[in-house]
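Trainee: quick check, what structure comes out for this input:
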Amino acid sequence: MVNLDMIGSVMSTKDEERILLWEKIVRNGLKRRMPNRNFSCVLKKVMFGCFIMLFVREDSINSIKKMHTAKVKTGTGGMTANKGSTSIRFNYDDSSLMFLNCHLTSG
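Mentor: As a prediction, this is how the structure comes out:
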């Protein structure tokens, strides 16, 4: 079992070890919930405190097309990554989906 307090909440794109650790934590959680299915992380985007991943069942990977990621910095006039968003957009068969993770200023 991984102590989540030890890995923290802030990460950079250069922090590959922590990115892989989070990927492992999520994959293990999926495996516990669905032991007869295998999942792959097909997309991920990191921006300081925002991190988003897309896991897909391996038998559905061929249904995923037109994958894109984006990040938008909105902290300190758009110059710093302490506020903003990360997003993932893709097509699953005939459906277009987008997921967004954001950390915005209060108020």
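
Trainee: in the chain, which spans are strands?
Mentor: Along the chain, counting by DSSP state E, strands occupy 39-47, 50-57, 64-75, 80-92, 95-103.

Trainee: parallel or antiparallel, list what pairs with the fourth one.
Mentor: Read that as strand 80-92. Sheet pairing for strand 80-92, assigned by DSSP bridges, gives strand 64-75 (antiparallel), strand 95-103 (antiparallel).

Trainee: quick one: work out the angle between the last one and strand 50-57.
Mentor: Interaxial angle of strand 95-103 relative to strand 50-57 (axes from the mean of the first three to the mean of the last three CA atoms, to 10 degrees): 150 degrees.

Trainee: so what's K71 up against?
Mentor: Contacts for K71 (CB atoms under 8 Å, 6 or more residues apart in numbering) come out as 45-47, 50, 81, 84-87. Any C-beta I mention is one placed from the backbone N, CA and C, and that applies to glycine too.

Trainee: whoops, F39 was the one
Mentor: 27, 30-31, 55-58.

Trainee: and the pLDDT at K31?
Mentor: What the model reports for K31 is a pLDDT of 95.

Trainee: just N3 next, same as before
Mentor: On pLDDT, N3 comes in at 57.

Trainee: quick check: closest non-adjacent residue to R27.
Mentor: In space, and not counting its chain neighbours, R27 is closest to F39: 6.0 Å by CB to CB, 6 or more residues apart in numbering.

Trainee: which secondary element of the chain has the worst mean pLDDT?
Mentor: helix 4-7 (a mean of 55; mean pLDDT, DSSP states H and E).

Trainee: can you get me a residue count around K45?
Mentor: 19 (other CB atoms under 10 Å).

Trainee: contacting residues around P35?
Mentor: Taking CB under 8 Å, 6+ apart, one finds nothing in contact with P35.

Trainee: for it, give its distance to L21.
Mentor: 22 Å (CB to CB, to the nearest Å).

Trainee: weakest of the strands of the chain by average pLDDT?
Mentor: Comparing the strands of the chain on mean pLDDT, the least confident stretch is strand 80-92, scoring a mean of 86.
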